[in-house]
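Enquirer: Here you go, sequence then predicted model.
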Amino acid sequence: MAISPLSLLVLAGLLGSSATEDLQKKVFVFPTASNNAAVFLKAPLRRPLTSFTVCLRSYTLLTRAYGLFSYATRRNYNELLLYKFGPNQYSLYLGGSTVSFNLPEKQGAESDWEHICVSWDSATGLVELWVDDHLLPRVGLKKGYAINPEASIVLGQDQDSFGGGFDINQSFVGEISDVYMWDRVLSADEVNLVWNDNRVDNCLINWRDLDYETSGYVVLHPPVFPSY
């Protein structure tokens with residue numbers, strides 16, 4: 001039977017709790033390295049994406065590489081992947097190609113919450129990465145490409161198969177909050193609004209009305225201190 005593209009597909013075999021709820025003032029805690037701890041997100045994608053913006057906050061002491069936001073299709077497990085190779089380098093994978101951003105050395109505590117927004121536009125191929133409301137120099141990637149809408153979206157892991165194939169050595173350990181996705185490139189003013197925990201409507205993924213399922217050891221919990 002054909003699979004409808006009206007919603008993102010999620011493998012259900014090992015999933016835990018399922019819910020749709022407002023997660024404002026909450027965080028997902030990933031307490032330990034794991035090959036099964038993940039949060040699966042669902043979104044109403046009806047057609048290929050020719051632009052997007054993904055924003056989230058993360059808090060970790062990891063210095064090794066890990067996956068943050070993984071959007072896999074059956075044809076390409078790295079259809080869209082936000083990956084951090086270390087404290088000062090983010091990479092965006094798109095349609096099997098990749099670009100990397102080297103961040104300035106942090107001043108002060110290394111354990112602060114970090115807010116990122118990454119966007120891409122097919123018409124220009126330009127990728128923008130905002131870190132704590134600061135825009136890094138833009139780069140080009142996959143101009144003219146369209147992102148397949150039939151996908152499995154995962155937080156805290158890098159999918160090496162559709163909905164799975166997790167590697168404990170690439171797993172996230174820490175806390176994730178304020179996850180959003182839009183089917184367009186946000187303006188600088190809109191990124192600033194999101195960074196300050198204000199609403200920017202018409203999300204595909206909305207932290208304040210999140211459709212998600214958890215797998216493995218993931219805890220939904222209030223933050224110890226504000227993430228913004």
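Expert: That came through, no problem. Numbers count the residues shown, from 1 in each chain.
Enquirer: Name the residues linked to residue 99 by a beta bridge.
Expert: Beta-bridge pairing for residue 99 (DSSP bridges): residue 92.
Enquirer: Isn't it up against residue 141?
Expert: Yes - applying CB atoms under 8 Å, one finds residue 99 in contact with residue 141, separated by 4.9 Å. Glycine gets a C-beta too; all of them are placed from N, C-alpha and C.
Enquirer: pLDDT of the helix or strand hosting residue 40, averaged?
Expert: Of the helices and strands defined by DSSP states H and E, residue 40 is found in strand 38-41. Confidence over strand 38-41 (mean pLDDT, whole number) is 98.
Enquirer: Give me the contact list for that strand.
Expert: The contact list for strand 38-41, computed with CB atoms under 8 Å, 6 or more residues apart in numbering, reads 8, 10-11, 15, 28, 152-157, 163, 166, 176, 179, 205, 210-216, 218.
Enquirer: In strands only, show me these.
Expert: When those are checked against strands using DSSP state E, the ones located there are 15, 28, 152-155, 176, 179, 205, 210-215.
Enquirer: Highest neighbour count among the residues you listed?
Expert: Sorting the ones in strands among the contacts of strand 38-41 by how many neighbours each has (other CB atoms under 10 Å) puts residue 153 first, at 27 neighbours.
Enquirer: Measure how buried the closest residue to that residue other than its chain neighbours is and give me the count.
Expert: Distances taken as CB to CB, 6 or more residues apart in numbering place residue 41 nearest to residue 153, at 4.3 Å, with adjacent residues excluded. The number of residues packed near residue 41 is 23, by other CB under 10 Å.
Enquirer: So in terms of bridging, what pairs with residue 41?
Expert: When bridges are assigned using DSSP bridges, the partners listed for residue 41 are residue 153, residue 212.
Enquirer: Any idea how many residues pack against residue 224?
Expert: Look at residue 224: counted by other CB under 10 Å, it has 10 neighbours.
Enquirer: cool, and residue 112?
Expert: Taking other CB under 10 Å as the criterion, the count of residues near residue 112 is 11.
Enquirer: host element of the residue nearest the centre of the chain?
Expert: Centre of the chain computed as the mean C-alpha position; nearest residue by CA atoms, centre = their mean is residue 69, 2.9 Å away. When elements are defined using DSSP H and E, residue 69 is found to belong to strand 66-72.
Enquirer: partners of that strand, with directions?
Expert: Next to strand 66-72 in the sheet, as set by DSSP bridges, lie strand 80-86 (antiparallel), strand 152-155 (antiparallel).
Enquirer: Flag the shaky bits of the protein, pLDDT-wise.
Expert: Within the chain, the stretches falling below the threshold (pLDDT under 70) are 1-19, 106-111, 226-228.
Enquirer: Would you map the helices across it?
Expert: Secondary structure of the chain, counting by DSSP state H: helices at 188-195.
Enquirer: I figured the residue nearest to the centre of the chain was touching residue 153, is that so?
Expert: Yes - counting by CB under 8 Å, residue 69 sits close enough to residue 153 to count as a contact (7.5 Å).
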